[in-house]
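Participant: quick one: sequence and predicted model below, then my questions.
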Amino acid sequence: MKKIIFILLTLVMVLSFTVIAESEIENTNTTFSEKSEISNENNGIYFSFADRPATLLRDAKLNATVRITWADTPTVGIAQWYVNGSPIEGWRNENFKIETNVTSTLNYDYPRWESMPLEATFGFSLTVNGKTQYIEERINIESMPYSYYHKEESDRVLELIKHVYVEATLNKGVNAYTSYKLDSICGWLDKGTKVKYIDYYDINHPDFTHTHVSAQLLLENGYTCWVPHSAINISTKNYTVYTDYDNKDKETFVNAKDYKSDTEYLVWISLERQKINVFKGSQGKWNIYAVFPCATGKNSTPTIDGVFKYSKYTPRWNFGSYYVKYVLIFNGGHAFHSRTYRTATDKLLDETIGTTTSLGCVRMYDEDVIWMKDNLPLGSTVVVY
């Protein structure tokens, strides 16, 4: 029985390893399957990867372990680690102890460069009596963020482009709550407390009116909470800046923020500049493709910032006395759409573009939102910032 097991093991391992002359390993820049001559000799030594990553993550070193699973006779040989078919400098041991269960572990700082291939190979060889056995694995490489290669420029643009927060003040002392339902107390806020107003919860009525129920606040200590909406006085300040960012700065911003999308399109709504910026490309490689003016939510009903997905299109939303057209929904009740039209006459109700005016949606000129409808695929990422 032992003899049969040994014969089967020998057949499996001989088929698994490539055997080449040591002189061919030292200077090759190609894969061994292209360079070497196959031999049936295995020196009575069997080894395999005991630990190896499927993907090399950002900032991680390439760690892998080889274990000698069987050695007929303890001996000494030459061990060498490889990456992409070439020997790794400093990872050669000419007096490697070879016996069953001995391991060799690689801890390699894999070099990174922009536009690098996102797949690599790593390998390990053992040379005994002039014959070399070699094993190799492929590995995926997670791309590094844009800011890794462009730190100074990224830092400058991220300092330039800031969140737009609507300021508010508590008009009375109130309990603070953990959710919009106002059902779980988490603290107390004094009258006069300065806060940032970041979200709200409304009840919609059949006559298309709304009742503000609760408001989400960002506190100075960085925590968030909910309070009754009636407990805050919202600033009437105009936060719009009427000049636009440079297109290069826009590209740097979305790439430095490392935004990704399930399509080749990414949209960034700039609340401060009241612009819709459409990018084409992929994560870390976004290029500006189109820019449109818009009108986002007014201070009392702000367009909520965050990262969303364009999820649904509908031709029209009706609101009794008025309606909007070409509705691209990206966040529940928030969407890109036309300006408001009177139901009775089909004439514009509110022509405003370029400053805050809506109930939270993003209004656009008809021709611009039609372009979005015709070109933006469902699933595209929409960034509100």
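Facilitator: Sure thing, it's come through.
Participant: please count neighbours and contacts with C-alpha atoms only from this point.
Facilitator: OK.
Participant: show me where this protein has helices.
Facilitator: 2-16, 22-26, 32-35, 146-149, 151-160, 247-256, 366-375 (DSSP state H).
Participant: check the offset of the fifth one from the chain's centre.
Facilitator: Using CA atoms, centre = their mean, to the nearest Å, the mean C-alpha position of helix 151-160 is found 19 Å from that of the whole chain.
Participant: who does that helix touch, helix- and strand-wise?
Facilitator: In terms of contacts (3 or more CA pairs under 8 Å, 6 or more residues apart in numbering; DSSP states H and E), helix 151-160 is packed against helix 247-256.
Participant: list the buried ones in the helix it packs on?
Facilitator: 249, 250, 251, 252, 253, 254, 255, 256 (16 or more other CA atoms under 10 Å).
Participant: make JSON lines out of those residues and add distance to residue 123 and pLDDT.
Facilitator: Converted to JSON lines, the buried residues of helix 247-256 look like this (distance: CA to CA, whole Å; pLDDT from 0 to 100):
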{"residue": "249", "distance to residue 123": "42", "pLDDT": "98"}
{"residue": "250", "distance to residue 123": "42", "pLDDT": "98"}
{"residue": "251", "distance to residue 123": "39", "pLDDT": "98"}
{"residue": "252", "distance to residue 123": "37", "pLDDT": "98"}
{"residue": "253", "distance to residue 123": "39", "pLDDT": "98"}
{"residue": "254", "distance to residue 123": "37", "pLDDT": "98"}
{"residue": "255", "distance to residue 123": "34", "pLDDT": "97"}
{"residue": "256", "distance to residue 123": "34", "pLDDT": "97"}
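Participant: other residues contacting stretch 324-334?
Facilitator: For stretch 324-334, contacts defined as CA atoms under 8 Å, 6 or more residues apart in numbering pick out 303, 308-318, 335-341, 360-362, 369-370, 373, 382.
Participant: and the residues you listed, which are buried?
Facilitator: By neighbour count, with 16+ other CA under 10 Å, the contacts of stretch 324-334 hold 303, 308-311, 313, 335-341, 360-362, 369-370, 373, 382 as buried.
Participant: any idea of the mean pLDDT in stretch 118-125?
Facilitator: In this model, stretch 118-125 has an average pLDDT of 96.
Participant: give me the contact list for that stretch.
Facilitator: Identification of contacts with stretch 118-125 by CA under 8 Å, 6+ apart yields 66, 78-85, 132-143.
Participant: out of the buried residues of helix 247-256, who's nearest residue 159?
Facilitator: The shortest gap between residue 159 and any of those belongs to residue 253, at 9.8 Å (CA to CA).
Participant: give me the distance between the closest one and residue 190.
Facilitator: Going from residue 253 to residue 190 by CA to CA, to the nearest Å gives 37 Å.
Participant: quick one: buried residues of stretch 154-174?
Facilitator: 154, 157, 164, 165, 166, 167, 168, 169, 170, 171, 174.
Participant: just list whatever residues bridge to the last one.
Facilitator: When bridges are called by DSSP bridges, residue 174 pairs up with residue 189.
Participant: that one: what's it in contact with?
Facilitator: 188, 189, 190, 191, 227, 231.
Participant: go with 7 Å
Facilitator: By CA atoms under 7 Å, 6 or more residues apart in numbering, residue 174 lies in contact with 188, 189, 190.
Participant: turn those into TSV, columns for neighbour count, distance to residue 95 and pLDDT.
Facilitator: Formatted as TSV, those follow (neighbours: other CA atoms under 10 Å; distance: CA to CA, whole Å; pLDDT from 0 to 100):
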residue	neighbour count	distance to residue 95	pLDDT
188	12	70	98
189	16	70	98
190	13	73	98
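Participant: quick check: of those, which lies closest to residue 273?
Facilitator: residue 189 (32.3 Å).
Participant: now do residue 382 against residue 304, distance only.
Facilitator: From residue 382 to residue 304 the distance is 12 Å (CA to CA).
Participant: still on that earlier bit, what about the buried residues of stretch 154-174, which are in strands?
Facilitator: Within those, residues falling in strands by DSSP state E are 166, 167, 168, 169, 170, 174.
Participant: most widely separated two among those?
Facilitator: 166 and 174 (19.8 Å).
Participant: what's near enough to touch the spatially closest residue to residue 255 that is not a sequence neighbour?
Facilitator: Leaving aside its chain neighbours, residue 255 sits nearest to residue 284 (4.6 Å; criterion: CA to CA, 6 or more residues apart in numbering). Residue 284 is in contact with 145, 146, 255, 258, counting by CA under 7 Å, 6+ apart.
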